[in-house]
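Participant: model this:
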Amino acid sequence: MAFRDSIAALVDLVLPADCAGCGAFEAPWCPACAVRLGTPSWPALAGGPQVLAAGRYTGPLRSAVLRYKERGRRDLAGPLAAVLRPLLEELAGETHALTWLVPAPSRPSAARARGGDHVARLCRSLASGRDDVRVIPALRLTRLARDSVGLDAGQRAANLSGRVRLRPGRLPPPGAAVVLVDDVVTTGATLRACRAALNEAGVPAEVALVLCDATRRHP
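Facilitator: Purely as a prediction, here's the structure:
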């Protein structure tokens with residue numbers, strides 16, 4: 001483990017246990033936030049995998065994701081993984097077959113700034129202690145991909161076109177049950193690009209699991 005990672009891990013240990021959503025001194029969620037995490041849903045994603053989201057991008061769930069992703073709260077991987085755990089059970093069904101989690105990749109510069117890939121860390125927490133779930137970081141983003149904040153759907157798709165690549169030697173085995181994982185789905189450009197890259201390698205990736213649904217909904 002790198003020196004910076006070791007320091008970050010020690011900081012995580014001494015941070016006060018608080019509510020992931022609002023910071024109140026009740027962990028992992030205070031009663032008020034626990035009842036406002038939202039309702040799981042299947043946001044429509046034309047041309048992409050089927051997506052199961054834990055809730056909308058609002059309220060305590062949004063706050064927890066932002067604290068985890070942008071404000072260095074690495075310790076929130078556990079509470080957020082716990083939110084996803086029953087949804088993963090729904091996707092896996094009752095077959096008890098081995099499931100491979102493929103994290104949506106982050107830009108290299110963003111991962112460095114955050115002390116590591118936050119989606120990969122979320123996946124590792126989700127798979128922790130389980131023999132039937134494994135994590136495989138099969139995808140990466142090239143350095144040409146830029147920050148997607150402020151981009152519309154077309155710009156996001158163009159930004160990722162040809163820039164989601166496979167990691168050599170890190171593909172799930174043939175016939176594996178694969179679940180893509182991301183923190184937030186907005187336009188679906190990332191999940192579409194991830195699915196396309198895996199499909200081109202002969203790895204079907206037809207379902208995705210996300211924490212927050214930020215897609216536009218029309219009446």
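Participant: alpha carbons only: can I get the longest helix along the chain in CSV?
Facilitator: Longest helix of the chain, by residue count under DSSP state H: helix 77-92. Extracted in CSV, the C-alpha atoms of helix 77-92 (Å, rounded to 0.1, in the frame of the first residue of the first chain):
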residue,chain,number,x,y,z
ALA,A,77,-18.1,3.1,1.3
GLY,A,78,-19.6,0.7,3.9
PRO,A,79,-22.9,2.4,4.6
LEU,A,80,-23.4,3.0,0.8
ALA,A,81,-22.6,-0.6,0.0
ALA,A,82,-25.1,-1.7,2.6
VAL,A,83,-27.8,0.3,0.7
LEU,A,84,-26.9,-1.6,-2.5
ARG,A,85,-26.7,-5.0,-0.9
PRO,A,86,-30.4,-5.9,-1.1
LEU,A,87,-30.5,-4.7,-4.7
LEU,A,88,-27.6,-6.9,-5.6
GLU,A,89,-29.5,-9.8,-4.1
GLU,A,90,-32.5,-8.9,-6.3
LEU,A,91,-30.3,-8.9,-9.4
ALA,A,92,-28.5,-12.1,-8.5
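Participant: mean confidence score for the next helix or strand after it?
Facilitator: Note on helix 77-92: by DSSP states H and E, the next helix or strand toward the C-terminus is strand 99-103. Mean pLDDT, computed over strand 99-103, is 96.
Participant: likewise for stretch 52-61?
Facilitator: Here the average pLDDT along stretch 52-61 is 96.
Participant: restricting to C-alpha, output that stretch in PDB.
Facilitator: Output in PDB follows, covering the C-alpha atoms of stretch 52-61 (Å, rounded to 0.1, in the frame of the first residue of the first chain):
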ATOM      1  CA  LEU A  52     -31.400  -0.700 -10.800                       C
ATOM      2  CA  ALA A  53     -31.000   2.400  -8.700                       C
ATOM      3  CA  ALA A  54     -31.200   2.600  -4.900                       C
ATOM      4  CA  GLY A  55     -33.000   6.000  -5.000                       C
ATOM      5  CA  ARG A  56     -33.200   9.400  -6.700                       C
ATOM      6  CA  TYR A  57     -30.200  11.800  -6.600                       C
ATOM      7  CA  THR A  58     -31.700  13.900  -3.800                       C
ATOM      8  CA  GLY A  59     -31.800  14.100   0.000                       C
ATOM      9  CA  PRO A  60     -29.600  12.100   2.300                       C
ATOM     10  CA  LEU A  61     -28.500   9.600  -0.400                       C
END
